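> kindly return the folded structure for what I paste below:
(one chain, ligands or ions: 1)
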Amino acid sequence: RIAYVNGRYVPHRDAAIHIEDRGYQFADGVYEVCEVARGNLMDMTRHLDRLDRSLRELRIGWPMHRSALVMVMREVVTRNGVTNGLVYVQVTRGVASRDFVFPDKTVPAVVVTAKKVDPALAARRAETGIKVITLPESRWDRVDIKSVGLLPNVLAKQAAKEAGAQEAWFVDAEGNVKEGGSSNAWIITKDGCLVTRPAEHGILRGITRTTLFEVAAKLGLKIEERGFSVDEAKAAREAFISSATTIAMPVVEVDGSPIANGHPGSVVQSLRQAFFDVAE
Ligand code: PDD
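As a prediction, this is how the structure comes out:
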């Protein structure tokens, strides 16, 4: 495997970042995960726009011209022979002697990696669906920034694993579901309406989420952007999560309660299928 690190393509096993990189010391950096499907980088413009927003919010400069980054991403995909899989891009504020305040001069550090993922794995998982647990929100209130500070997400997803589930949903003080540790959360009501939390309220604006709005429109499905409670999720007709790695993945159990008959529903399956016709 080959990785891109600060201007060089290097063997993945030798790829390294300096010990005083601020990403390492302070999680002072941002990232993107893009899906590669049939050799195409999906939703690139949206991912780059979100990266731009994350960088701006943290006042980190672009490590290179946007079009150069696209070339690097394509090159890493090609060099790793990835037809289906993921590209990971990380930009940190760079290397400086440890000090909380921004250093006067740093050069942003950039890492791009890619890996193959067998699409049959996700397809098989979508046939059975996944289980989620719910946990009180424990993250900071700027989760709209795709920062590499992911410790609460790590702990939540580990708790999910230990409970025999695959994702953890963060719940706000009002009892409404926010999003998963690495995905957005959705339900489908009894009358077939898609419900997901507004992106302005304490969640990451998922690229897959945005694309699914277009997919839903094509399929003639109604979407309501509003909060939903854990109880509403348990009583829903269907539930699912969305992310670059899962697309639309059926949720069949919330905190041990089955959704409907405990099997993936038809609406999420059709969204999943239609996704690849809409995304580019
Ligand atoms: N996670 N919410 C959170 C907290 C996420 O970490 C992610 C993505 C999403 C979905 O965003 P998108 O549809 O753009 O992937 C929502 C990525 C996949 C990750 O950290 O691996």
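
> going forward, measure contacts and count neighbours with C-alpha atoms only.
Noted.

> quick one, helices of this structure?
22-26, 44-57, 66-79, 119-128, 151-162, 207-218, 230-234, 266-278 (DSSP state H).

> mind checking which of those is nearest the ligand?
With respect to the ligand, and counting by C-alpha to the nearest ligand atom, the nearest of these is helix 207-218 at 3.6 Å.

> show me what from the stretch 101-250 of the chain comes close to the ligand.
Contacts of the stretch 101-250 of the chain with the ligand, taken as C-alpha under 6 Å from any ligand atom, map to 179-184, 204, 206-209, 242-245.

> for Gly129, state which of those is nearest.
Of all those, Gly129 sits closest to Ser242, with 12.5 Å by C-alpha to C-alpha.

> residues near the residue lying closest to Leu48 once chain neighbours are set aside, how many?
The shortest distance from Leu48 to any non-neighbouring residue, by C-alpha to C-alpha, 6 or more residues apart in numbering, is to Arg66 (7.6 Å). Arg66 is flanked by 14 other residues according to other C-alpha atoms under 10 Å.

> can you read off the pLDDT for Arg66?
On pLDDT, Arg66 comes in at 97.

> distance of it from Ala279?
20 Å (C-alpha to C-alpha, to the nearest Å).

> Asn40 now?
10 Å.

> now for the residue lying closest to Asp52 once chain neighbours are set aside: which residues touch it?
What sits nearest to Asp52 in space, not counting adjacent residues and going by C-alpha to C-alpha, 6+ apart, is Trp62, at 7.7 Å. The contact partners of Trp62, taken as C-alpha atoms under 8 Å, 6 or more residues apart in numbering, are Asp52, Leu55, Pro108.

> repeat for Asp118
Asn84, Gly85.

> got the domain ranges for this protein?
2-117, 122-278 (automatic domain parsing).

> now do the end-to-end distance for the longest one.
Read that as domain 122-278. First-to-last residue span, domain 122-278, C-alpha to C-alpha: 19 Å.

> got the end-to-end distance for stretch 230-238?
End to end - C-alpha to C-alpha - stretch 230-238 spans 13 Å.

> so what's the residue count around Trp186?
Neighbourhood size, Trp186 [other C-alpha under 10 Å]: 29.

> grab the nearest non-local neighbour of it.
Thr196 (4.8 Å).
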